[in-house]
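1. Provided below are the primary sequence and the corresponding predicted coordinates.
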Amino acid sequence: MKKRWSKWLVLVGVLVLIIGLFLPLPFYLETPGTAENLSNFVRVDHKKDQRAGKYMLTTVALQQARPITYLWSKTQPFSETTSKDDLMGNDSSETFNQLQTYEMQSAINDAIQVAYKKAGRSYQRKYLGIYVMSLMKRSQFNGKLAIGDTVTMIDGHHFKSSTAFINYVKDKPVGTKVTVTYQHKGQTKKTTQRLIHLPNTKRSGLGITLVDHSTIKTKIPVKVTVSDIGGPSAGLMFTTAIYDQLTGGHLRKGRKIAGTGTMASNGVVGPIGGIDKKVVAANHEGATIFFAPDIPATAAMKKADPGYQNNYQVAKKAAKKIHSHMKIVPVKNFTDTVNYLAK
């Protein structure tokens, strides 16, 4: 009898352990990620940056919660939970991942443009078409186009923006046939389907979510290769690393420099999420400088959240909490970054 109970207790214990380790919970955990050396990702003129010190992009770790990781997260000061809706909205996991990949590539393109323009080096930005982010179930193009395809022409017409694409089809009657030329995994394909009525609008369309897709060409070759990291938040640090290599590598001066922030094509630095966790990651890697977006709150933002703090304020607070000696540097545009490092 005792042996039988012992076996049942062992089985129950194993079952509890399996559930604790593997049962997915309906939310995600956000925790400090890593600070990655940009010399592993960026090549300018086919050369790796091998000078002393390093520039680092910073990340937030994201994982689906499980009972044991959720309990562990409660012991961590910079851990947060987030629902799938808050994280992805109405997007599927596939669409969300595709968006993250697209945003990373756009961040790289903008970083190259800003760095080359600031350095006085030639570049050319080429519009490729519209990037397919998602397709409505009732779209006639569903099953023909795929997420990640690039539409290059409609009815033989090239356009220079997604707005121009939309304007071409929006006034055509629902049911009109249009021929779409697109790139799918490097191959050029065509499909002819009917336009549908777009819900909550008075116009017709293909029934896809789209964004502009472009590429950038430079006389001095530059290559940025990043895998398993998505989103636009590394834009500022990409720009800094590329610019410094283009101009002789005199800015870093042997220092370990981290930061975060989106980079617009006009050089403006934009806010990002999870900056407190990125401060922790940078501090762990020994960074002495951390660049943080310093975008003032609008009146509407203050009204919605009277206690709102921008990225720079949150970053300073996080550094103080972990007793870090990193210098948290506020930046509004790329020129702020260059001027600080050149001092």
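-> Thanks, I have it. Computed from a prediction, not measured in an experiment: that's the story for all the values here.
2. so what's residue 98 scoring on pLDDT?
-> As summarised for this prediction, residue 98 has a pLDDT of 77.
3. err, residue 328, not the other one
-> 98.
4. where does it sit: helix, strand or coil?
-> Using DSSP: H, G, I helix; E, B strand; the rest coil, the secondary structure recorded for residue 328 is strand.
5. pretty sure it contacts residue 311?
-> No. Using CB atoms under 8 Å as the test, residue 328 is too far from residue 311 to be in contact (9.9 Å). (Glycine included, C-beta is placed from N, CA and C.)
6. neighbours of the nearest residue to residue 49 once chain neighbours are set aside, how many?
-> Of all residues not flanking residue 49 in the chain, residue 39 sits nearest, at 4.3 Å (CB to CB, 6 or more residues apart in numbering). A count of nearby residues for residue 39, using other CB atoms under 10 Å, gives 18.
7. just to check, residue 39 is in contact with residue 50?
-> Yes. In this structure, residue 39 is within contact of residue 50 by CB under 8 Å, at 7.0 Å.
8. and residue 303, how far from residue 211?
-> Using CB to CB, to the nearest Å, residue 303 is found at 30 Å from residue 211.
9. pLDDT score for residue 307?
-> 86.
10. which residues are in contact with it?
-> Taking CB atoms under 8 Å, 6 or more residues apart in numbering as the contact definition, residue 307 lies against nothing.
11. what helix or strand is it on?
-> Under DSSP states H and E, no helix or strand contains residue 307.
12. measure it to residue 278 for me?
-> Taken as CB to CB, the span from residue 307 to residue 278 is 21 Å.
13. ok, residue 69 - contacts?
-> Taking CB under 8 Å, 6+ apart, one finds 29, 63 in contact with residue 69.
14. quickly find the element holding it.
-> Assigned by DSSP H and E, residue 69 belongs to helix 67-73.
15. list the buried residues for that helix?
-> 69, 73 (16 or more other CB atoms under 10 Å).
16. what about that helix, distance to the chain center?
-> 26 Å (CA atoms, centre = their mean, to the nearest Å).
17. which phi and psi does residue 254 have?
-> Backbone torsions of residue 254, given as degrees, to the nearest 10, read phi 80, psi 0.
18. how near is it to residue 193?
-> Separation of residue 254 from residue 193 (CB to CB): 58 Å.
19. these two: who's more crowded?
-> Using other CB under 10 Å, the more surrounded residue of residue 254 and residue 193 is residue 193, with 19 against 8.
20. now do the SS call for the more buried one.
-> strand.
21. hmm, back to that, three-state assignment of the residue nearest to residue 49?
-> Per three-state DSSP, residue 39 ends up helix.
22. next up, the contacts around it.
-> Counting by CB under 8 Å, 6+ apart, residue 39 touches 48, 49, 50, 54, 55, 241.
23. ok, it to residue 258 distance?
-> Distance, residue 39 to residue 258, by CB to CB: 13 Å.
24. shared neighbours, those two?
-> Counting by CB under 8 Å, 6+ apart, the residues touching both residue 39 and residue 258 are residue 55.
25. next step: the contacts of residue 39 restricted to strands.
-> Among those, DSSP state E puts 48, 54, 55 in strands.
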